[in-house]
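**Q** Here is the input, now give the coordinates:
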Amino acid sequence: MRRLGWIAVVLLALCGAAAPGIAGAADWRPTFELEGPSESLDDADVAVGRNGDAVLVFSRDDGESTLAVFARWSVGGGAFSDAVRISEAGEEAYNPRVAVGADGAATAVFQTGDAANAVLKAATKPAGAAGFGAPDTLSDPGASEQQVAVDDVGGAVVVWNQASSAVLASYRDPGDSFTDGDEISGGGSFGDPSVAMDAAGDAVAVWREDDGSDIRAATALRPAGGTFGPGSYRSDSGDDADLPDVAMNARGDALVSWTLYQGTDTIQAATRPAGGAFGDPLDVSEPPDHAYSQRGALDDAGNAIVAFIQDTGGESRARYATGGVGRAFSDPQDASPAGADAGNPTVATGAAGQAI
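**A** Here you go, the predicted model:
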């Protein structure tokens, strides 16, 4: 297993309470080794459903010199299962991503074949099932940058970059199979797609798109059971946007964030109330220090948090700012200690406003 520095965890309450005062907060469980020390592990991802079920997916050598995708899962916070292969035997598989619904149903997506001509596949573990079913093929050769989201009623959306020429989406409505990929982007070059869903199945997708003059953060909306509508730009013209990210809560509020390159790299975000329209871009980080690698999350009341890295005082510091749907963001606060470089932040929220 590769070990890259150390991991810091910060517990917050978006409603203003200090972490130790969060009602019902549980202690951290002891760490455990995901795989044996002789295993070559890579590309791990994890998701947790509202019922406490968790799924880990990762790729490693299958013992026959083939990279394969495996999964382990925990039911209701219990012990994790042994690793089970979910990609097909004899097939190179890698870069898995996973999402878990409120009832524990999970969908994993991953690339197969050689990287230049990768085909995207998806495997599903229904709620309460003993394991994942056989993978479904979603794309033609040339798929990359895949992301997946699920709702609370059995639906799923997968988005990906197809041959660096378009962003595509495939849908699975409750009780149905995945559709063929539909193009949801428009304009010039594309990249970095992401997607989120609310409890009922509405979805928001985001990606970066060349409008002919600038690279813009673009979004499209999909109503439950429908298809994505036309895309629209979230970032303003005049500067390039990169690494867009999207989050939704159960009722349908949405948070989109991105890095804006404008001499000093700045984190910006826009929010959308359920059923409404996105607001104007808001600054999240403060100049003059460079900020990047942002991730955002929303709780069920529409409180928002964006975590990011900012170069300050000769260090790369993990920072965060809080806000909400229709509200400005607070001044950023440090999440990592002084004296050590931080990187690759991620953030998640609980329904009642806890953040980690």
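**Q** got a list of what A99 touches?
**A** A47, A106, T107, V148, A149, V150, A156 (Cβ atoms under 8 Å, 6 or more residues apart in numbering). Every residue, glycine included, has its C-beta placed from N, CA and C.
**Q** The third one sits in which helix or strand?
**A** Per DSSP states H and E: T107 is located in strand 106-112.
**Q** Same check on R319?
**A** strand 315-324.
**Q** E286 and D331 touch, don't they?
**A** Yes - when contacts are counted by Cβ atoms under 8 Å, E286 is listed as touching D331 (7.0 Å).
**Q** Looking at these two, which is more packed in?
**A** Neighbour comparison, E286 and D331: the larger count goes to E286, with 16 against 8 (by other Cβ atoms under 10 Å).
**Q** What pLDDT is listed against the spatially closest residue to the more buried one that is not a sequence neighbour?
**A** Of all residues not flanking E286 in the chain, P332 sits nearest, at 6.0 Å (Cβ to Cβ, 6 or more residues apart in numbering). The confidence metric pLDDT takes the value 95 at P332.
**Q** quick one: contacts for P332?
**A** The contact partners of P332, taken as Cβ under 8 Å, 6+ apart, are V284, S285, E286, F308, Q310, R319, Y320, A321.
**Q** so who does the residue located most distally from the centre of the chain touch?
**A** Taking Cα atoms, centre = their mean, the residue of the chain most remote from its mean C-alpha position is E64, at 31.1 Å. Residues near E64 by Cβ under 8 Å, 6+ apart: none.
**Q** Could you check how far it is from E91?
**A** For E64, the distance to E91 (Cβ to Cβ, to the nearest Å) stands at 11 Å.
**Q** and the gap between D176 and D136?
**A** Taken as Cβ to Cβ, the span from D176 to D136 is 11 Å.
**Q** the more surrounded of those two?
**A** The neighbour comparison of D176 against D136 (other Cβ under 10 Å) goes to D136, with 16 against 12.
**Q** Give me the nearest residue to V75, chain neighbours excluded.
**A** With Cβ to Cβ, 6+ apart as the measure, D53 is the residue that lies nearest to V75, at 5.5 Å, once sequence neighbours are left out.
**Q** Need the contact partners of the strand holding R319.
**A** Taking Cβ under 8 Å, 6+ apart as the rule, strand 315-324 contacts 8, 10, 12, 14, 269, 271, 282, 284-285, 291, 301-311, 329-336, 338-343, 345, 347.
**Q** next one: the helix or strand following it to chain centre, how far?
**A** Once the chain leaves strand 315-324, the next helix or strand it forms, by DSSP H and E, is strand 333-334. Mean C-alpha position of strand 333-334 versus that of the full chain (Cα atoms, centre = their mean, to the nearest Å) differs by 22 Å.
**Q** and strand 333-334, what does it pack onto?
**A** If you count contacts as 3 or more Cβ pairs under 8 Å, 6 or more residues apart in numbering; DSSP states H and E, strand 333-334 packs onto strand 315-324.
**Q** can you tell me the average pLDDT over the strand it packs on?
**A** 94.
**Q** That strand: which residues count as buried?
**A** S316, R317, A318, R319, Y320, A321, T322, G323, G324 (16 or more other Cβ atoms under 10 Å).
**Q** Same question for stretch 292-309.
**A** So stretch 292-309, judged by 16+ other Cβ under 10 Å, has buried residues 292-299, 301-309.
**Q** Equivalent analysis for stretch 344-356, please.
**A** Buried residues in stretch 344-356, counted by 16+ other Cβ under 10 Å: P345, V347, T349, G350, G353, Q354, A355.
**Q** By pLDDT, give me the weakest of these.
**A** Within the buried residues of stretch 344-356, pLDDT reaches its minimum at G353, with 74.
**Q** measure that residue to L298 for me?
**A** G353 is 10 Å from L298, by Cβ to Cβ.
**Q** likewise A328?
**A** A328 is 15 Å from L298, by Cβ to Cβ.
**Q** Then G350?
**A** 11 Å.
**Q** With T312 instead?
**A** 26 Å.
**Q** same thing with A338?
**A** Distance from A338 to L298, by Cβ to Cβ: 29 Å.
**Q** One more: T322?
**A** 11 Å.
**Q** what touches both of these two?
**A** A304.
**Q** who's in contact with the residue lying closest to Q294 once chain neighbours are set aside?
**A** Leaving aside its sequence neighbours, Q294 sits nearest to F308 (Cβ to Cβ, 6+ apart; 3.9 Å). Counting by Cβ under 8 Å, 6+ apart, F308 makes contact with 267, 284-285, 291-295, 318-320, 332, 345.
**Q** all helices of the chain, in order?
**A** Using DSSP state H, the chain contains no helices.
**Q** what stretches of it score poorly on pLDDT?
**A** Low-confidence segments of the chain, defined by pLDDT under 70: 1-29, 32-41, 65, 187.
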